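Asker: Build me a model:
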Amino acid sequence: LDAVSAQLERYKLSGFQPHGQTVRFSGAPVVENSVSDSIVIRSVEPRDESLLLSFDQECFGAQRDAFTREWVFPAFSDKRTSKVAYVGEELVGYITIRRCHTGYKIGPLFSYSVHAAQGLLASVCSSVPAASTVIIDVPAANTAAVSIALQCGLSPVSETSRMYSGGAFPKLPTDRIFGFTTLELG
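Answerer: The predicted model follows:
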């Protein structure tokens, strides 16, 4: 679960232990579309499914193929857009942005490289109307992700602590997680 600071002690009494912070960034992004020539960014297509599902499982830490298919490949949706980044034939990142009641939320943003993450973020942010609010939830431990959000003109608006029960913490590749899928689903 993701807990706000005021609730940490309450959840600890229920057996949960904190393991990492998440910072929510929000604002009207200012982006530059400067992507390395070796990185190709485009809209997700059905041919990306197999590589994307494997990449998602690696970054998320568990298989969630049915969820990811619905989240990333929405049929006839004008509310959600997903893009992929490739270097040659290798999938190096993907991102989803969705329209919300107020503005847009990004998640996930998973990437093997800072440059691909920057390119993916710039690509989706440049597709929203000017001055739109964009929100992304970033693991605080990924300092490159925090830096990218700040460079885009987004501001930190809240923090949560990721908490787990049972004593074992998942070993997630935090350096590849530039934005969590969503905090709202749990």
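
Asker: all helices in this protein, in order from the N-terminus.
Answerer: Under the criterion DSSP state H, helices of the chain are mapped to 8-13, 49-60, 65-72, 114-125, 143-151.

Asker: Of the ones you listed, flag the one that's most buried.
Answerer: helix 114-125 (a mean of 23; mean count of other C-beta atoms under 10 Å). From N, CA and C alone the C-beta is placed, and that goes for glycine too.

Asker: quick one: it to chain centroid distance?
Answerer: 11 Å (C-alpha atoms, centre = their mean, to the nearest Å).

Asker: wait, which of the helices of the chain is closest to Ile39?
Answerer: Checking the helices of the chain against Ile39 by C-beta to C-beta gives helix 114-125 as the closest, at 5.4 Å.

Asker: Just the CA atoms of the closest one, as PDB, please.
Answerer: Extracted in PDB, the C-alpha atoms of helix 114-125 (Å, rounded to 0.1, in the frame of the first residue of the first chain):
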ATOM      1  CA  VAL A 114      17.500   8.000 -18.900                       C
ATOM      2  CA  HIS A 115      17.600   9.200 -22.600                       C
ATOM      3  CA  ALA A 116      14.700   6.900 -23.600                       C
ATOM      4  CA  ALA A 117      12.700   8.000 -20.500                       C
ATOM      5  CA  GLN A 118      13.200  11.700 -21.400                       C
ATOM      6  CA  GLY A 119      12.200  11.000 -25.000                       C
ATOM      7  CA  LEU A 120       9.100   9.100 -24.000                       C
ATOM      8  CA  LEU A 121       8.000  11.700 -21.500                       C
ATOM      9  CA  ALA A 122       8.600  14.600 -24.000                       C
ATOM     10  CA  SER A 123       6.600  12.700 -26.600                       C
ATOM     11  CA  VAL A 124       3.500  12.200 -24.600                       C
ATOM     12  CA  CYS A 125       3.700  15.600 -22.900                       C
END
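
Asker: To Arg42, which of the helices of the chain lies closest?
Answerer: Across the helices of the chain, closest to Arg42 is helix 114-125 (C-beta to C-beta), at 8.8 Å.

Asker: Check what contacts stretch 155-171 and list those residues.
Answerer: By C-beta atoms under 8 Å, 6 or more residues apart in numbering, the list of residues contacting stretch 155-171 from outside reads 1-5, 8, 11, 14-27, 61, 140, 149, 183.
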